[in-house]
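Asker: quick one, fold the following:
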Amino acid sequence: MTNRPSSGRPLQEPWRQRLIRSLLYGRNVDRALKARARVGFVMLAFVAVYAVIGGRLVMFATGTDSHGAHRSASQDAIATARPDIVDRNGEILATDVKAPSLFGEPRRIIDKDEAIELLTATLPDLDTGEVRERLSGHKGFVWLKREITPQQQQEIHRLGIPGIGFLRENKRVYPTGNEVAHLIGLVNIDNQGIAGMEKWLDTNGLADLHRAGFATDRLQRPVELSVDLRVEHALRDELQKAKEKFHAKAASGLVTNVRTGEVVAMISLPDFDPNNPKEAHDPDRINRLTTGVYEMGSTFKAFTLAMALDTGKYGLDSLWDARGPLHYGKFTIHDDEPKGRFLNMKEVFTFSSNVGAARIALAQGVEAHKAFLRKMGQLDRLRTELPESASPIVPRHWGDLNTITIAFGHGIAVAPLQAVMGVSALVNGGYLIPPTFLKRSEEEAMQVAKRVIKPETSEKMRFLMRLNAEVGTARKADVKGYYIGGKTGTAEKVINGRYAKKRVLTAFTAILPVDKPRYQVLIMLDEPQPLKETYGFITSGWNAVPTAGNVIARIAPILGIEPRFDLPPSDRLILAASKTTQ
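Answerer: The predicted structure follows:
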C-alpha cells in the first residue's frame, strides 16, 4: 500500500536523492546482487592487507637485511660491494662473497642481561663488556659481530631474542692467498680498501660510487691487472727456494714488460695472507719493491756507462785507468778483482769495476751526473697505482765524492721498481715508461713514454748486458735458448752508520731476449749466507744470478718466448747493424 499525503497524491522523492541513487546504483540494477559483490570486494581487500602484513612478519622473522640496512645508513657502516679483481688472463684474485653479520637494536631488547648471557654463551669469543656497552646505548642499530658462520647464525636464530638480527654483508676473499698479497693489498672489516690495488680502487672513484649508492653487485665490471698469476706463482716458488737455500733474511722479485711498463709479477718475501689481515701488520712483511729503498750496488753502473755513451764522446773501446785504487781525500775506492791496467768500457761492465765506473762518472761532472739520473727517474719518488711508495734517499749536498760512489751504486737508495724502470729504458730503445699494474698496450705505453737516451746508446747497452752473460758476472743465468743479458749488483748494508762487508743485498736484473727485449726480471736477496757450493762467496753472481736463471727457465715458455739455439755472439747479433762500436 502506497503512503499518500493528506491530499491523496503520491509522495515525490527529492531530485537530489534521485540523482545520488542513480549514480550509485544506476537504473534497473539488481540491488541484492550488487550488495553481494560489494561484500566480496571488501573481503578481498582485507585478505590482501593481511597477506601483506603476514609477508612482512615472515621477512622480519627469517632475515632483516633491508631493515638492518635502513637503520645502519645513519648508524654503523655496512660492508659495501666491490668489483672483482682479475689477472691479465681473467683469473680471479679478489672477489666478494655474502656472509651474515650479527647486529642488535638496543631499543627493542626487553631483557638485555639475558640477551648478553645467551649471545656470549653461543659466541664465546664475544667480549662481554663490549657487548654490554653496545647494547646499553641508545642507538637504533649496533654491530655485535661481523662475519659469523651460517651455523652460528642458525644457533642464535633459535634463541629468539627480540632486537637481535642478522644482515648479509659483502665479505672480501682472496682465492690465491699469499700469491699476490703485496700487489692486491687488502680491505678492512667494512670492505674498504686499506692497501695495495684495493686502496687504489677506493681512491679512484669506488668510494664516491658507494656514497652515491651506485656501487652495487650488478653495476661493477672486473678490474683487469697486468699481473700473470702463472708467472707470479713460478717467481714466488723460486724465491722461496732461494730464501731457504741461502738462509736469506728476505727475497723479492719483479717481472716487467720493457715495452709497456706492465708489472707481470711482483713478489716480496716474507709476505702475508690478505684473508688474515693481522699478518699484514708485521713490519717485516712490507713490500720491499715499492715501499723499501735500497742501495742497488753495481746495477747503477749500467746508468753510469749509458750516461757516457749517450754523449757521443765515448765508445765501447774507450779506455779508463783502473791500474790501481782511486784515492779521493781520505777515501779509497777499490775493485773486488783488480786487473791492474786500463780497462775499456766493455771490461768496466763485465768485470764490474768500481774504479772504472767512478772515473767515467767524474769525467761527466757532478751536474751532468745528477741531471742524467733525474732524467732516468731515479731521484724523484716513483708514483704508481700502489699507494705504498717511498722517496729515494739522495745526498743533500752532492759533490765529487757522491758522484764517485753513486757511479757504482753506493750513496743513493731507490725503490727497486724505480731502478727497474730505468734499466728498461736502457734496453727498450731509450724510452722511459712509467710502471703500471693495469693492462696496457704498447700504443698506450708510447703515449706516456719519454725518450731519455739515443737508440744507438740503447743498442750498446743491450750488447754490454749480453756480453756480461757470455763472459761476465751473469754467466750462471744464461739459460740456453733464451739469449738473456743482465747486470749484477752487490751492495754492503749500512749497519750503525758503517758498511758491513758480510751483510749484503744482492741483486740481478736480467733482460730476455736481450737482442729484442720483451721482459726484465729482477731478483733480490737480503743478507744471503755463504755456502760450501759458493766457496764462501756471498756476491750476486753466486746467489741472485742462478736464482734468476731458474726463474727464467720456468717463465719464458709461459710468456710465449720461443727458445732459439745456435745464435751468434753479441758483437755479431746485436751490433751487426752498427757502423761502429766507438
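
Asker: when you work out contacts or count neighbours from here on, use the C-alpha atoms and nothing else.
Answerer: OK.

Asker: so residue 392 touches residue 416, yeah?
Answerer: No - in this structure residue 392 lies outside contact range of residue 416 using Cα atoms under 8 Å: 10.1 Å.

Asker: in terms of neighbours, single out the busier of the two.
Answerer: A direct count of neighbours by other Cα atoms under 10 Å for residue 392 and residue 416 places residue 416 higher, at 24 against 20.

Asker: quick one: that one from residue 522, how far?
Answerer: 8 Å (Cα to Cα, to the nearest Å).

Asker: shared neighbours, residue 392 and residue 416?
Answerer: Here residue 392 and residue 416 have residue 293 as joint contacts, going by Cα atoms under 8 Å, 6 or more residues apart in numbering.

Asker: tell me the pLDDT of the nearest residue to residue 483 once chain neighbours are set aside.
Answerer: Among residues not flanking residue 483 along the chain, residue 513 sits closest, at 5.1 Å (Cα to Cα, 6 or more residues apart in numbering). On pLDDT, residue 513 comes in at 96.

Asker: let me see the contact set for residue 513.
Answerer: Contacts of residue 513 by Cα under 8 Å, 6+ apart are 482-485, 519.

Asker: could you give the number of residues near the nearest residue to residue 159 once chain neighbours are set aside?
Answerer: Distances taken as Cα to Cα, 6+ apart place residue 118 nearest to residue 159, at 7.7 Å, with adjacent residues excluded. Counted with other Cα under 10 Å, residues neighbouring residue 118 total 14.

Asker: what helix or strand is residue 118 located in?
Answerer: helix 112-122 (DSSP states H and E).

Asker: can you check residue 133 too?
Answerer: Using DSSP H and E, residue 133 falls in helix 128-135.

Asker: neighbouring strands - and their directions - for whatever helix or strand comes next after that helix?
Answerer: Later in the chain than helix 128-135, the nearest helix or strand by DSSP H and E is strand 142-145. Paired neighbours of strand 142-145 in the sheet (DSSP bridges): strand 92-104 (antiparallel).

Asker: CA-only coordinates of the partner strand in PDB, if you can.
Answerer: The C-alpha coordinates for strand 92-104 follow below in PDB (Å, rounded to 0.1, in the frame of the first residue of the first chain):
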ATOM      1  CA  ILE A  92      90.100 -14.100 -10.000                       C
ATOM      2  CA  LEU A  93      92.400 -12.600  -7.500                       C
ATOM      3  CA  ALA A  94      89.800 -10.900  -5.300                       C
ATOM      4  CA  THR A  95      86.000 -11.200  -5.100                       C
ATOM      5  CA  ASP A  96      83.100 -10.600  -2.800                       C
ATOM      6  CA  VAL A  97      81.000 -13.300  -1.100                       C
ATOM      7  CA  LYS A  98      78.000 -12.900   1.200                       C
ATOM      8  CA  ALA A  99      78.500 -13.500   4.900                       C
ATOM      9  CA  PRO A 100      76.000 -13.000   7.800                       C
ATOM     10  CA  SER A 101      76.800 -10.400  10.500                       C
ATOM     11  CA  LEU A 102      75.100 -10.100  13.900                       C
ATOM     12  CA  PHE A 103      73.600  -6.800  15.000                       C
ATOM     13  CA  GLY A 104      71.400  -5.600  17.800                       C
END
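
Asker: tell me the angle it makes with helix 112-122.
Answerer: Angle between the axes of strand 92-104 and helix 112-122 is 140 degrees (criterion: axes from the mean of the first three to the mean of the last three Cα atoms, to 10 degrees).

Asker: let me see the mean pLDDT of strand 92-104.
Answerer: Strand 92-104 comes out at a mean pLDDT of 88.

Asker: and it, how far out from the chain middle?
Answerer: Taking Cα atoms, centre = their mean, to the nearest Å, one finds strand 92-104 lying 21 Å from the centre of the chain it belongs to.

Asker: for the residue positioned nearest the centre of the chain, which non-adjacent residue is closest in space?
Answerer: Centroid-nearest residue in the chain, with Cα atoms, centre = their mean: residue 183, separated by 2.3 Å. Nearest in space to residue 183, with sequence neighbours left out and distances taken as Cα to Cα, 6+ apart, is residue 196 at 5.5 Å.
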